[in-house]
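# Sequence plus predicted model, see below.
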Amino acid sequence: MTAIFVCPRMLLSLLSGLIMGAAVLFVLYRWVIPTAVQYHGGLALLWHDIIVERALDTLTRTSRPQRILKAVQRKATVGDPQSVITAIDHFCRHREWAMNVGDEKGSILDSVVSEVSPVTVLELGTYCGYSTVRIARLLPPGACVITLEFNPDYAAIARQVIKWSGLEDKVQLVEGASGDWIPWMKEHFGVQAFDLVFLDHWKERYLPDTKLLEECGLIQKGTVLLADNVICPGTPDYLEYVRNSPRYNSHYYRSHLEYTKAEDGLEKSVFLGY
Ligand SMILES: C[S@@+](CC[C@H](N)C(=O)[O-])C[C@H]1O[C@@H](n2cnc3c(N)ncnc32)[C@H](O)[C@@H]1O
């Protein structure tokens with residue numbers, strides 16, 4: 001039998017090597033890589049939305065939406081939508097990026113909601129309910145937002161975020177896919193047409209769902225479509241449609257991908273009638 005002797009000096013240098021390595025990895029993860037990718041939308045999404053999210057999910061055995069909900073419960077005041085928005089933005093800017101519309105594009109969303117003052121709003125893609133809260137808090141009395149989310153885990157988190165904001169009375173969260181639900185909107189919710197549609201679900205669905213909303217008569221003269229992420233990840237077929245159709249008056253609001261400095265923007269398209 002051979003005994004391995006480790007002298008205290010070797011142990012100390014091994015330990016200090018490990019600490020140094022961990023410190024370098026931490027600095028890379030926390031500052032160097034996020035700073036390097038923040039000007040490139042594709043790299044930012046790859047880093048934040050795939051690598052970091054998977055690593056943190058595995059390490060913490062929680063999901064990103066669950067961590068966002070925790071931040072809301074820790075930092076926001078029950079019944080105060082603005083504090084919920086601030087808590088989520090702070091968490092996503094300083095701790096962990098997430099695919100909410102974010103504070104910068106959120107203020108454009110706010111100004112469109114205030115300008116349209118809609119009675120009926122459809123949101124496609126709820127995620128954790130961040131934009132739902134942004135929209136609902138600005139609605140006039142009697143108005144409501146129907147928001148669609150096909151991921152049941154996200155929908156469960158969004159329900160709690162919306163409840164924490166005290167806006168349940170203004171929000172109808174529907175679980176399911178946009179393509180399945182849009183044809184049932186009139187029958188199920190008694191909606192004649194939407195005043196505002198916020199498109200923020202998977203990008204390849206923007207165009208087919210817009211055409212479906214048209215076919216179902218849910219878009220009328222004056223309806224405003226507001227589409228997020230038209231540059232990053234991008235929705236080229238949708239942009240080509242609304243910008244070239246004589247039935248829409250379309251305008252691009254230049255901004256940045258949420259919580260980064262990479263270009264992204266919102267496209268506002270007003271339906272002019274048939
Ligand atoms: C970018 S996130 C929405 C972010 C949210 N609007 C916000 O700003 O806080 C997109 C969400 O759309 C959902 N989604 C994608 N395609 C969908 C579809 N066809 N029907 C319903 N939900 C969908 C995804 O599960 C995801 O939660």
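Looks like it arrived, so ask away.

# Where does the prediction get shaky in the stretch 1-150 of the chain?
In the prediction, the stretch 1-150 of the chain carries residues with pLDDT under 70 at positions 1-5.

# Could you find the closest non-adjacent residue to the residue positioned nearest the centre of the chain?
Among the residues of the chain, the one closest to the centroid is Asn100, at 2.2 Å (CA atoms, centre = their mean). Nearest non-adjacent residue to Asn100, counting by CB to CB, 6 or more residues apart in numbering: Tyr130, 3.8 Å away. In this view, the C-beta of every residue, glycine as well, is placed from N, C-alpha and C.

# how many neighbours does that neighbour have?
Using other CB atoms under 10 Å, Tyr130 has 29 neighbouring residues.

# List the residues that contact it.
Contact analysis of Tyr130 by CB atoms under 8 Å, 6 or more residues apart in numbering lists Ile85, Ile88, Asn100, Val101, Gly106, Val161.

# Could you say which helix or strand holds Leu225?
Counting by DSSP states H and E, the element that carries Leu225 is strand 219-227.

# Could you list the buried residues of the host helix or strand of Trp164?
Using DSSP H and E, Trp164 sits within helix 152-165. Residues Tyr154, Ala155, Ile157, Ala158, Arg159, Gln160, Val161, Ile162, Trp164, Ser165 are the ones in helix 152-165 that count as buried (16 or more other CB atoms under 10 Å).

# quick one: the first one from Ser250, how far?
If you measure Tyr154 against Ser250 using CB to CB, to the nearest Å, the figure is 29 Å.

# same question, the last one
Shown here: Ser165 relative to Ser250, a distance of 31 Å by CB to CB.

# Ok, the third one next?
When CB to CB is the yardstick, Ile157 and Ser250 sit 33 Å from each other.

# can you give me the helices for the stretch 1-150 of the chain?
Secondary structure of the stretch 1-150 of the chain (DSSP state H, counting those that start in this stretch): helices located at 8-27, 33-37, 41-45, 53-60, 64-75, 81-94, 102-116, 130-136.

# These: which one's closest to Asp195?
Nearest to Asp195, of all the helices of the stretch 1-150 of the chain, is helix 102-116, at 5.9 Å by CB to CB.

# the inter-axis angle of that closest one versus helix 81-94?
150 degrees (axes from the mean of the first three to the mean of the last three CA atoms, to 10 degrees).

# Name the residues of helix 102-116 that are buried.
Residues Gly102, Asp103, Glu104, Lys105, Gly106, Ile108, Leu109, Val112, Val113, Val116 are the ones in helix 102-116 that count as buried (16+ other CB under 10 Å).

# Tell me the one of those residues nearest Val191?
Distance to Val191 across the buried residues of helix 102-116 (CB to CB) is lowest for Val116, with 15.5 Å.

# residues touching the closest one, list them.
Applying CB under 8 Å, 6+ apart, the residues contacting Val116 are Asp195, Leu196, Val224.

# Among the residues you listed, which one sits closest to Glu214?
The closest of these to Glu214 turns out to be Val224 (CB to CB; 14.1 Å).

# Read off the pLDDT value for the closest one.
At Val224, the pLDDT value in this model is 98.
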